[in-house]
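Undergrad: with the input below, show me the fold.
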Amino acid sequence: MNPINLYIDPSVMSYTLQFVVAGVVTVGAVAGIIVRKAKKKIKKTLNIEEKKEIEEDIVDLSDTNSNNN
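TA: Next up is the predicted model:
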């Protein structure tokens with residue numbers, strides 16, 4: 001058998017790398033969306049509500065004290 005010498009143009013490798021990276025990013029984004037939707041559906045099915053803490057308004061009393069003096 002004779003060895004076959006092949007030339008791979010650097011631009012082809014660049015496009016291939018971009019294609020692979022785009023695929024990985026797409027799969028990651030789709031997986032994230034699926035997980036988020038699944039969590040939302042499970043919470044709705046099990047009647048689990050998200051606990052959101054509501055912070056009280058900050059009252060600045062320094063202005064009222066300086067006006068009285």
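Undergrad: what is the mean pLDDT for the lengthiest helix in the chain?
TA: Among the segments of the chain that qualify as a helix by DSSP state H, the longest is helix 10-45. For helix 10-45, mean pLDDT rounds to 94.
Undergrad: one more: stretch 53-67?
TA: Here the average pLDDT along stretch 53-67 is 74.
Undergrad: got the CA coordinates for stretch 11-23 in PDB?
TA: The C-alpha coordinates for stretch 11-23 follow below in PDB (Å, rounded to 0.1, in the frame of the first residue of the first chain):
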ATOM      1  CA  SER A  11      -9.600  27.600   5.900                       C
ATOM      2  CA  VAL A  12     -11.400  24.200   5.900                       C
ATOM      3  CA  MET A  13     -10.200  23.500   9.400                       C
ATOM      4  CA  SER A  14     -11.400  27.000  10.500                       C
ATOM      5  CA  TYR A  15     -14.900  26.400   9.100                       C
ATOM      6  CA  THR A  16     -14.900  22.900  10.600                       C
ATOM      7  CA  LEU A  17     -14.000  24.300  14.000                       C
ATOM      8  CA  GLN A  18     -16.700  27.000  13.700                       C
ATOM      9  CA  PHE A  19     -19.200  24.400  12.800                       C
ATOM     10  CA  VAL A  20     -18.300  22.200  15.800                       C
ATOM     11  CA  VAL A  21     -18.400  25.200  18.200                       C
ATOM     12  CA  ALA A  22     -21.700  26.300  16.800                       C
ATOM     13  CA  GLY A  23     -23.100  22.800  17.400                       C
END
